[in-house]
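**Q** Task: produce atomic coordinates for the following.
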Amino acid sequence: MQIHRDDTVLIALKPFKKNEVVEGVRLLQDIPAGHKIALNNIAQGDHVIKYGASIGKARTAIRCGEHIHSHNLKTGLGTDEIYTYSGTPERLKTEQEIPQIQAYERANGDIGIRNDLWIVPLVGCVNGIAHSVARQFEGTETLPEGTQVTVLAHPFGCSQLGDDHINTRTILQNLVMHPNAGGVLVMGLGCENNTLKEFLDGLDMPDPSRLRCMIAQDTDNEFETAYRHLQDLAKNLKSDKRVPVGVNRLRVGLKCGGSDGFSGITANPLLGAFSDWLCSRGGTTVLTEVPEMFGAERILMARAENQSVFADIVSLINDFKQYFIDHNQPIYENPSPGNKDGGITTLEEKSLGCTQKAGTAIVTDVLRYQGRLTKSGLNLLEAPGNDGTAITSLAATGCHLVLFTTGRGNPLGTVIPTVKVASNSELADRKKHWIDFSAGALVQEDTDKDLVSNNFASYLMDVASGRKTLNEINRMQEIVIFKTGVTL
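**A** This is a model prediction of the structure:
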């Protein structure tokens, strides 16, 4: 398959044997599925083109029909990049029709697509208490049908300094205020430096009646105290009902993990089409994984809403590069071993595939880590590519759900619905208990791509209206907080 007319590579849609002919090219080696085939002779040092852009330079001369991968392709990225503002881009056409979902309206006018009870530990020392109470309470008649009790367990909250301490406190504060939580119990130990007083001072709780707090060292029986708090919170949930709201109020995170050679062809473009669909109706999408923008950042910069947003994107990219430099690490130490097995060779190839998730919408805002969404449209969020950290940051910024594409397979989910989209049909068939939706059919010639996109949008509207994702059913609901500094 040739993705773009300017490409100098073909993508193997299935495994091929040496001497087979693929789109007029005779293969010089066996080619695994998802890997690249030279479409013509490429001289040493020449750019190799995929997605219509360079994915690196040839290490050696490459013959037509030869397998292209790490042995003969290297990154073409450098450390000093110059970026130039190119002007205001064309906006997506605004759609008049705004479909409705069924959601919970909150006291501050926000909406939630779940009505769960969350227990948020201030420090990792009380994770065990929180899990024990959650197991006792879930399944009781006190809870409304469909409500889950979820512990936002983490190992931090004490022995942290500076940015690490602030990251932990602020991410937890943002999650406590999340509209998918109908009630929240904040649980501290009592001697941690993430103190309850400091935590509450920075908290702008939309509805204080939905919040309870306790310190385990200050109560004779922490289990009984926590149980009573959950009972009080559950009473509030009893009166909550879903009501029709416009899809323009929905906020969706975009993520990929365990990518393969098909991710940038099927699953990621499917997310891009949905992002455009939602943004054109006034909704909000968020792209993160900043290191996986390296090499494709100019595509995003060219879509900056104005010069101020352009400058913010430049800072976002350069600051994350500096983070690598400050820790004496190579900026372009990517893709992962799993990515390479799946056919991805260089960071620019990975990034060009990764940014397919953002569709064609203009970038309306850039958020730093700990930031919360304030503008509709496509937003960029500062976070690393690490799966757990990225999906947690998407939840903390206010996304109602995350769309997570994967070609190799990944069961990870966070505390908001995490929709797993397979890039290939084999993975979807083999891991039915992980995968919510398959984009594999998009490489079949007889597939109606618009029908797949429409089915995907319809499925996501069902999820927003209460249909549980597999990460919710399997209780794979983790949070990971970005740690960068010293532990005492």
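
**Q** In this protein, what helix or strand scores lowest on average pLDDT?
**A** Here the helix or strand of the chain ranked lowest by mean pLDDT, DSSP states H and E is helix 337-341, holding a mean of 88.

**Q** what does it rub up against?
**A** By Cβ atoms under 8 Å, 6 or more residues apart in numbering, the residues outside helix 337-341 that reach it are 69-70, 258-260, 350, 408. From N, CA and C alone the C-beta is placed, and that goes for glycine too.

**Q** ok, of these, which one's closest to Ser86?
**A** Lys350 (24.0 Å; Cβ to Cβ).

**Q** any idea how far Asn334 is from that closest one?
**A** Lys350 is 6 Å from Asn334, where distance means Cβ to Cβ, to the nearest Å.

**Q** Find residues that contact each of these two.
**A** Counting by Cβ under 8 Å, 6+ apart, the residues touching both Lys350 and Asn334 are Glu292.

**Q** quick one on the thing from earlier: which is the next helix or strand following the least confident helix or strand of the chain?
**A** Note on helix 337-341: by DSSP states H and E, the next helix or strand toward the C-terminus is helix 347-354.

**Q** Let me know the next secondary structure element after that next one.
**A** Sequence-wise, the next helix or strand downstream of helix 347-354 (DSSP H and E) is strand 363-367.

**Q** what helices or strands is that following strand leaning on?
**A** In terms of contacts (3 or more Cβ pairs under 8 Å, 6 or more residues apart in numbering; DSSP states H and E), strand 363-367 is packed against helix 307-326, strand 377-381.

**Q** Contacts made by it with the rest, please.
**A** 286, 300, 303-305, 309, 312-313, 315-316, 373-382, 397.

**Q** Can you say which of these are buried?
**A** Among the contacts of strand 363-367, those classed as buried by 16 or more other Cβ atoms under 10 Å are 286, 300, 303-305, 309, 312-313, 316, 373, 376-382, 397.

**Q** which residues does the nearest residue to Gln148 once chain neighbours are set aside contact?
**A** In this structure, Gln148 finds its nearest non-sequential neighbour in Asp116, 4.8 Å apart by Cβ to Cβ, 6 or more residues apart in numbering. Contact analysis of Asp116 by Cβ under 8 Å, 6+ apart lists 147-150, 180-182.

**Q** What of Ala216?
**A** 126, 129, 187-190, 222.

**Q** can you check Ser438 too?
**A** Residues in contact with Ser438, defined by Cβ under 8 Å, 6+ apart, are 421-422, 424-425, 427-428.

**Q** List the beta-bridge partners for it.
**A** Ser438 has the following beta-bridge partners by DSSP bridges: Ala422.

**Q** ok, it to Asn410 distance?
**A** As defined by Cβ to Cβ, Ser438 lies at a distance of 15 Å from Asn410.

**Q** Same question for His4.
**A** Distance of His4 to Asn410, computed by Cβ to Cβ: 28 Å.

**Q** and if you look at Ala464?
**A** According to Cβ to Cβ, Ala464 stands 22 Å off from Asn410.

**Q** try Thr364
**A** According to Cβ to Cβ, Thr364 stands 29 Å off from Asn410.

**Q** So between these two, which is more surrounded?
**A** It is Asn410, of Thr364 and Asn410, that has more neighbours when counted by other Cβ atoms under 10 Å, with 22 against 19.

**Q** for that one, what are its contacts?
**A** Asn410 makes contact with 257-258, 387, 404, 420, 434, according to Cβ under 8 Å, 6+ apart.

**Q** Make CSV out of these and add secondary structure.
**A** Listed next are the contacts of Asn410 as CSV, based on DSSP: H, G, I helix; E, B strand; the rest coil:
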residue, secondary structure
Gly257, coil
Gly258, coil
Asp387, helix
Phe404, strand
Lys420, strand
Trp434, coil
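
**Q** out of those residues, who's nearest Lys357?
**A** Checking the contacts of Asn410 against Lys357 with Cβ to Cβ, the nearest one is Phe404 at 10.0 Å.

**Q** and the closest residue to the closest one other than its chain neighbours, what is it in contact with?
**A** Counting by Cβ to Cβ, 6+ apart, Phe404 lies nearest to Lys255, which is 4.6 Å off, once chain neighbours are set aside. If a contact means Cβ under 8 Å, 6+ apart, then Lys255 has 288-289, 357, 387, 390-391, 394, 402-405 as its contacts.

**Q** Relative to Gly246, how far out is Lys255?
**A** From Lys255 across to Gly246, the span is 24 Å (Cβ to Cβ).

**Q** contacting residues around the residue lying closest to Lys321 once chain neighbours are set aside?
**A** Among residues not flanking Lys321 along the chain, Ile331 sits closest, at 5.2 Å (Cβ to Cβ, 6+ apart). Each residue near Ile331 by Cβ under 8 Å, 6+ apart is listed here: 77, 79, 294, 321, 324-325.

**Q** Just the buried ones among the residues you listed, please.
**A** Of the contacts of Ile331, these count as buried by 16+ other Cβ under 10 Å: 77, 294, 321, 324.

**Q** Surely the last one is in contact with Pro330?
**A** Spelled out, that is Phe324. Yes: between Phe324 and Pro330 there is a contact at 7.0 Å, judged by Cβ atoms under 8 Å.
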